[in-house]
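Participant: Here's my sequence, what's the structure:
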Amino acid sequence: MESRCQYTGVWTEAAFWMYLFVRSVADIFPTTAVALIDAAVVIATRETSCGRGDVGRQLAFGSLGFALLGPLTGYLSTLTSNIGPAYWLPFVLHAVLMILAAIIALSADGMPLSPPEWWWHTRSGMLALPMSAVKRYSSETVALIFVLLVMGTFWSAMDSYLPLHLQILGGDELSIGVAMTVGAIPAFLFLWKSEHLVDYCGHSNLLITAFTMYIIRFTGLSLVSDPWWSLISEALEVFTLGIMWVTTILYLRHLVPRHLTVTAQAWPVIAHFCIGRCLGSVIGAYINLGDEDIVQSLRFVFRCMAVAAAIVASLYFVLYHGILKPRCHAHTIQSSRQPSTIVQAMNGNGNYAPLRVYHNGMGRKGQFRY
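Facilitator: Below you'll find the model as predicted:
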């Protein structure tokens, strides 16, 4: 839709800086909300004597809302395009839904966010996950944050300019809305059983899969000539955003001690949606600068990002499986070798073995460290 602003010159520059200021301030709150929601979900699905919930099932409903509201908003925008300013309906719906979410958060005092029942384990004895674990797994944590920063750069370079690319190719609000949200539909199905998927495939393998899917997505977008063909590429967003994000949440839940849960869940938001998002937008804008053929320029950006994703995926595979994994695996084996007298001292019959449940037993949790 063409802009209805008829002013140019000084007013255009002032409008840009005002929008940049308002957008920068406004983005503080959604990103903070994402970090707090992730932490709340991790705590709410905590381990108790009655079992535990599934993180992916909580996030699946967010994916379902994302899948429904995108096409719906695009369709309603085509019907109301002559009523008000350009894209007024998405802004109104966004404000209404944010207010509704805030009301629910304020009134939902029954959410199970209290400390877990076995919290006393982390406060005494050698069964706790001590603060030394932060240093022990610091290299693995730093590598994960760097991977998220790179993925945020790829995501922003694609997400920031994809609507423009599809619009130039002849897409309307409906086709763009469907293309931007089609990946959320399979994401709902995968997230429903995501913890089992992560347990089976492993964190690093899913992250490498996300990089591989970025290669395919960027390559596909550089070749499409019709907006509807982009649906094939956008459907793969289930791997580059949905599964990648729940993998990150679960990964950090096991790397960082329990009392640092909120801080740990804020790290991926900062790396992916703040720093990475900024870098991706700037890199895409810099490559497009001064090119009159926007379509060819955007295709060149997508090709460059496909090559970069291939390089980063190869480096991460070599560094993780060649350096980080053997080192962290050695630490895990060393920390799990505890004298049997420690376990027997807590329970005279010698049958109580929380190390099997919370650390490195062969139960459902596998290699997870609690």
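Participant: Same question for the stretch of helix or strand residue 72 belongs to: list its buried residues.
Facilitator: Per DSSP states H and E: residue 72 is located in helix 55-79. Going by neighbour count (16 or more other C-beta atoms under 10 Å), the buried part of helix 55-79 is 55-60, 62-64, 66-67, 69-71, 73-74, 76-77. C-beta here means a position set from N, CA and C on the backbone, and glycine is covered the same way.
Participant: for the stretch 51-200 of the chain, what are the low-confidence residue spans?
Facilitator: Along the stretch 51-200 of the chain, segments meeting pLDDT under 70 span 51-53, 84, 86, 110-137.
Participant: how about the helices in it?
Facilitator: 55-79, 88-107, 132-136, 138-159, 162-168, 173-181, 184-192, 194-201 (DSSP state H, counting those that start in this stretch).
Participant: Ok, which of these comes nearest residue 309?
Facilitator: Among the helices of the stretch 51-200 of the chain, helix 138-159 comes nearest to residue 309, with 6.0 Å by C-beta to C-beta.
Participant: neighbours of residue 198, just the number please.
Facilitator: Residues lying near residue 198 (other C-beta atoms under 10 Å) number 22.
Participant: which residues touch it?
Facilitator: 206, 246, 247, 250 (C-beta atoms under 8 Å, 6 or more residues apart in numbering).
Participant: CSV for those, including distance to residue 143?
Facilitator: As requested, these are arranged in CSV below (distance: C-beta to C-beta, whole Å):
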residue, distance to residue 143
206, 15
246, 19
247, 14
250, 16
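Participant: just those: which has the poorest pLDDT?
Facilitator: Least confident entry in those, by pLDDT: residue 250, with 87.
Participant: Spatially, what comes nearest to it if we skip its sequence neighbours?
Facilitator: Of all residues beyond its chain neighbours, the one nearest residue 250 is residue 198 (5.4 Å), with distances taken as C-beta to C-beta, 6 or more residues apart in numbering.
Participant: again with residue 312
Facilitator: Per C-beta to C-beta, 6+ apart, closest to residue 312 is residue 150, 5.4 Å.
Participant: would residue 321 count as being in a strand?
Facilitator: No. Using DSSP: H, G, I helix; E, B strand; the rest coil, the assignment for residue 321 is helix, not a strand.
Participant: From what I see, it and residue 204 are in contact.
Facilitator: Yes. Applying C-beta atoms under 8 Å, one finds residue 321 in contact with residue 204, separated by 7.3 Å.
Participant: neighbour-wise, which of these two wins?
Facilitator: Higher neighbour count among residue 321 and residue 204: residue 204, with 20 against 13, using other C-beta under 10 Å.
Participant: Tell me which residues of stretch 246-257 come out buried.
Facilitator: Within stretch 246-257, the residues scored as buried using 16+ other C-beta under 10 Å are 246, 247, 248, 249, 250, 251, 252, 253, 254, 255, 256, 257.
Participant: Residue 182: what's it in contact with?
Facilitator: Going by C-beta under 8 Å, 6+ apart, residue 182 touches 67, 231, 234, 235, 237.
Participant: give me that answer again for 6 Å
Facilitator: Neighbouring residues of residue 182 by C-beta atoms under 6 Å, 6 or more residues apart in numbering: 231, 234, 235.
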